[in-house]
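Novice: The sequence and its predicted three-dimensional model are supplied below.
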Amino acid sequence: MSSTVISPARTIRIGSRKSQLALIQTYWVQEQLQKHYPDRQFEVQTMSTQGDKILDVALSKIGDKGLFTKELELGMLNNEIDFAVHSLKDLPTRLPEGLVLGCVTERENPADALVIHEKHRDKQLNTLPEGAIIGTSSLRRLAQLRHHFPHFTFKDIRGNLNTRLAKLDGGEYDALILAVAGLQRLGMGDRIHQVIPPDLSLHAVGQGALGIECRADDTEVLELLKALEHTPTAQRCYAERSFLRELEGGCQVPIGVNTHLEGDTLTLTGIVASVDGQRLVKDMIAGKASDAEQLGIELAQRLRQQGAQEILAEIFAQIERN
Ligand code: DPM
């Protein structure tokens, strides 16, 4: 009698940050995978990242790329977890050797939202009073909004969403700028007072999508993840990420994008702004979606020639001095 040894399928270990938003995103991914592969085991392992520990300093000042991803990446390289779920916009455009972006999920609304104090409920961005205190620690939001609304006062804000909303409601700020997608995922979509249109502010690269990072040689995980891949979102995000990569930008640089996909035509708009909001360099490019990465590179080169080079050089010099 012959016997066959069937090795049991391995349990797939999903790494996540511990923040409420990260966990919601990770459990969503786990649930989707479980639906596609009911016979497989998926378990979640949480880890704290540097970005979760440093809460009192502006993001743009602590800088270093990978603030929210490094610990998870080490976990994958040390074979403690098999993949990690990130907000794609927090995932650096260059990944450590041995890791890849294995999957991009369907994007939610990538725009930013204005969230306001009760007393301004009848107002919009363009009717908020002179001197209104706007909370954000994103240089991208700061620079673009300062350009259009130089009469506002912009003030850093950190902490999780609940902390930020408590500061707003307590009167420390008149309004906050936050991602539509984050508010919606946390069940706080009702706090969105105005969705900020692209002519006032372009969103961050990858905003609204989840990116799943895994080991480059883990063919089994790469195959499993295909079930969650959303090709139109992935094409748009590959163009956006290649644009940012070519500009050597990270979370410290005021760079925004907007993409559209119609049929096979991908349109990418990009902006590089000076922190004071005085200079905006903006342009767009369209081409085949299959050339997404090339489009991002070309747009970045065009913007450099149109003045983005000087703006970026100033910002990088400033970062060096800090
Ligand atoms: C990055 C930025 C911010 C986050 C910078 C930017 C916002 C920082 C702030 C790269 N990551 O957008 O220009 O305003 O203090 C972050 C949020 C989400 C993922 C929250 C938000 C949810 C949306 C998503 C923080 N990372 O942007 O309001 O998953 O795309």
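Specialist: Ah, there it is.
Novice: and the stretch 1-150 of the chain, which residues reach the ligand?
Specialist: When proximity is defined by C-beta under 6 Å from any ligand atom, the stretch 1-150 of the chain lies next to the ligand at 59, 87, 89-90, 136-138, 140-141. Using the backbone N, CA and C atoms, a C-beta is placed for each residue, glycine as well.
Novice: In those residues, which has the lowest confidence score?
Specialist: For these, the weakest pLDDT value sits at residue 59, with 49.
Novice: Pretty sure residue 311 sits in a helix.
Specialist: Yes. When DSSP: H, G, I helix; E, B strand; the rest coil is applied, residue 311 is found to be in a helix.
Novice: Leaving out sequence neighbours, find the closest residue to whichever residue of the stretch 201-322 of the chain sits closest to the ligand.
Specialist: As assessed by C-beta to the nearest ligand atom, the ligand sits closest to residue 204 within the stretch 201-322 of the chain, at 3.6 Å. Nearest in space to residue 204, with sequence neighbours left out and distances taken as C-beta to C-beta, 6 or more residues apart in numbering, is residue 89 at 4.5 Å.
Novice: Run a quick neighbour tally on the one you found.
Specialist: Here the neighbour count serves as a burial measure; for residue 89 (other C-beta atoms under 10 Å) it reads 24.
Novice: Now do the same contact list for it.
Specialist: Residues in contact with residue 89 (C-beta atoms under 8 Å, 6 or more residues apart in numbering) are 204-207, 209.
Novice: What is the nearest of those to residue 108?
Specialist: Of all these, residue 108 sits closest to residue 209, with 7.7 Å by C-beta to C-beta.
Novice: What values do phi and psi take at the residue nearest to residue 204?
Specialist: With angles defined as degrees, to the nearest 10, residue 89 shows backbone torsions of phi -70, psi -20.
Novice: Who are the contact partners of residue 291?
Specialist: For residue 291, the contacting residues are residue 266, by C-beta under 8 Å, 6+ apart.
Novice: So it versus residue 238, what's the distance?
Specialist: Taking C-beta to C-beta, to the nearest Å as the measure, residue 291 falls 10 Å from residue 238.
Novice: cool, residue 307 as well?
Specialist: 26 Å.
Novice: Then residue 90?
Specialist: Taken as C-beta to C-beta, the spacing of residue 90 relative to residue 238 amounts to 17 Å.
Novice: hmm, back to that, which residues does the residue of the stretch 201-322 of the chain closest to the ligand contact?
Specialist: Residues touching residue 204, when contacts are defined by C-beta under 8 Å, 6+ apart, comprise 89, 138, 140, 179, 255-257.
Novice: Which two of the residues you listed have the greatest separation?
Specialist: Among the contacts of residue 204, the pair separated by the greatest distance (C-beta to C-beta) is 179 and 255, which sit 15.5 Å apart.
Novice: And the two? Which one has more around it.
Specialist: The residue with the greater number of neighbours, taking residue 179 and residue 255 and applying other C-beta under 10 Å, is residue 255; the counts read 28 against 25.
Novice: Dig out what that one forms beta bridges with.
Specialist: For residue 255, the beta-bridge assignment (DSSP bridges) gives partners residue 272.
Novice: No further queries at this time; thank you.
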